[in-house]
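Requesting a structural model of the entry that follows:
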Amino acid sequence: MVGRGRLDKAHSRPKYKGVGPGMSFSKTLVKKDPNIGLVLCAMGATSISQWAKGTPLYNTILARAEAAVKAGGGTIRALLWYQGEGYGDLRYAVLYKTRLKNLFNNVRSDLGLSVTVNGNVNEGTELVRKAQVDTIVELQQVGCVDAKGLEISLDNLHLTTAAQVKLGAMMADAFLRISTNHSLPAQLT
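Numbers count the residues shown, from 1 in each chain. Predicted coordinates for the structure are as follows:
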């Protein structure tokens with residue numbers, strides 16, 4: 001696995017520095033399969049509506065996935081999703097479930113995916129946490145890991161680096177369970 005810098009200026013926002021669960025997800029999986037790659041599309045401080053089909057961020061997912069497949073000859077196997085900590089405002093939280101289901105269904109359809117792994121947010125509104133759990137129950141081949149109880153950073157919203165590393169390993173374990181046992185029901189682990 002080879003790491004490279006940012007792919008475009010749109011995803012280079014110094015104000016929102018941090019680490020997500022992606023690298024520890026891939027490091028956990030590479031122990032099982034050294035030919036795994038990770039297509040990074042993360043963007044901090046965004047709302048779920050900014051990831052809707054047809055938006056610049058959604059189009060970036062598709063473009064990067066296509067470029068990765070062309071460059072490496074592999075296949076895209078899953079979508080990892082960890083977002084929603086900032087939905088303390090109920091006006092936005094009530095729409096989260098519909099938007100999350102649409103996002104998962106659209107990305108899965110456009111990329112031919114069967115597996116999605118969602119990291120259930122640690123903090124924020126319980127309505128968003130419930131929307132995430134309801135979504136994994138309603139959709140097939142969606143795993144969910146619970147970030148509740150993982151260490152929160154000094155901003156009282158986001159996970160610490162150590163917690164993100166742990167979350168990534170938990171997401172990898174969920175992915176392995178789902179992808180090796182297609183009959184496994186979605187569950188919060």
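
neighbours around the closest residue to residue 138 other than its chain neighbours, how many?
Spatial nearest neighbour of residue 138, chain neighbours left out: residue 101 (7.0 Å); criterion: Cβ to Cβ, 6 or more residues apart in numbering. The C-beta positions use only the backbone N, C-alpha and C, and glycine is treated the same way. Look at residue 101: counted by other Cβ atoms under 10 Å, it has 16 neighbours.

Give the buried residues for the host helix or strand of residue 101.
Using DSSP states H and E, the element containing residue 101 is helix 96-111. Under the neighbour-count criterion of 16 or more other Cβ atoms under 10 Å, helix 96-111 has 96-97, 99-101, 103-104, 106-108, 111 buried.

Is it possible to get JSON lines of those residues that adds distance to residue 117?
Below are those laid out as JSON lines (distance: Cβ to Cβ, whole Å):
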{"residue": "96", "distance to residue 117": "18"}
{"residue": "97", "distance to residue 117": "17"}
{"residue": "99", "distance to residue 117": "18"}
{"residue": "100", "distance to residue 117": "13"}
{"residue": "101", "distance to residue 117": "15"}
{"residue": "103", "distance to residue 117": "13"}
{"residue": "104", "distance to residue 117": "10"}
{"residue": "106", "distance to residue 117": "17"}
{"residue": "107", "distance to residue 117": "12"}
{"residue": "108", "distance to residue 117": "12"}
{"residue": "111", "distance to residue 117": "14"}
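
Between those, which sits nearest residue 43?
Of all the buried residues of helix 96-111, the one with the least separation from residue 43 (Cβ to Cβ) is residue 103, at 13.4 Å.
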